[in-house]
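> Sharing a model prediction with you, sequence too.
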Amino acid sequence: MPRVLGSPVDDQTRCVHYRTPLDVVAIKFRCCLQYYPCHLCHQESAGHSAVQWPADEHHITAVHCGVCNSELSIRDYLAVNGCPRCAAEFNPGCRLHSQLYFITETRQENA
């Protein structure tokens, strides 16, 4: 089971910022490779700015289900509404700020 930093309030990765029954996911941040319950926990605790996972690294395991302690690839997490292992539902509102964690399109440089 990965260690979750920041301000978790229970053993299912809920934190002081997000603690509804559906807030059971922790994200491994690209910048430090550490799990935090949310972007605010990282901002308050990490001591550095967050770096998003680029689209070409979405195959990497970087999402932790706090209910069953399984880990998902970013690609798998973005494709589901709940944990494929234990069926715990994930907060659909998290998709509204997924850009804080993941770059979902390949960025092209201007020529």
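Ah, there it is.

> the helices in the chain, which residues?
Taking DSSP state H to define them, one finds helices in the chain at 39-45, 74-79.

> Just give me how far the last one sits from the chain centre.
To tie it back to what came earlier, the one meant is helix 74-79. Distance of helix 74-79 from the chain centroid (Cα atoms, centre = their mean, to the nearest Å) equals 10 Å.

> Mind giving me the packing neighbours of that helix?
Counting contacts by 3 or more Cβ pairs under 8 Å, 6 or more residues apart in numbering; DSSP states H and E, helix 74-79 packs against strand 61-65. Every C-beta, even on glycine, is put in place using the N, C-alpha and C of the backbone.

> what residues does the strand it packs on touch?
With contacts defined as Cβ atoms under 8 Å, 6 or more residues apart in numbering, strand 61-65 is touched by 2, 4, 13, 24-28, 30, 35, 53, 70-74, 76-77, 83, 85-86, 88.

> I'd like to know which of these are part of strands.
For those, membership in strands holds for 25, 26, 27, 28, 35, 71, 72, 73, with DSSP state E as the criterion.

> Distance across stretch 70-82, terminal residue to terminal residue?
Terminal residues of stretch 70-82 lie 12 Å apart, using Cα to Cα, to the nearest Å.

> rewinding a little: apply the buried test to the contacts of strand 61-65 and list what passes.
Among the contacts of strand 61-65, those scoring as buried are 4, 13, 24-28, 30, 35, 53, 70-72, 74, 77, 83, 88 (criterion: 16 or more other Cβ atoms under 10 Å).

> still on that earlier bit, which of the ones in strands among the contacts of strand 61-65 lies closest to residue 95?
residue 25 (11.4 Å; Cβ to Cβ).

> need the contact list for residue 51.
Here residue 51 is in contact with 29, 30, 31 (criterion: Cβ under 8 Å, 6+ apart).
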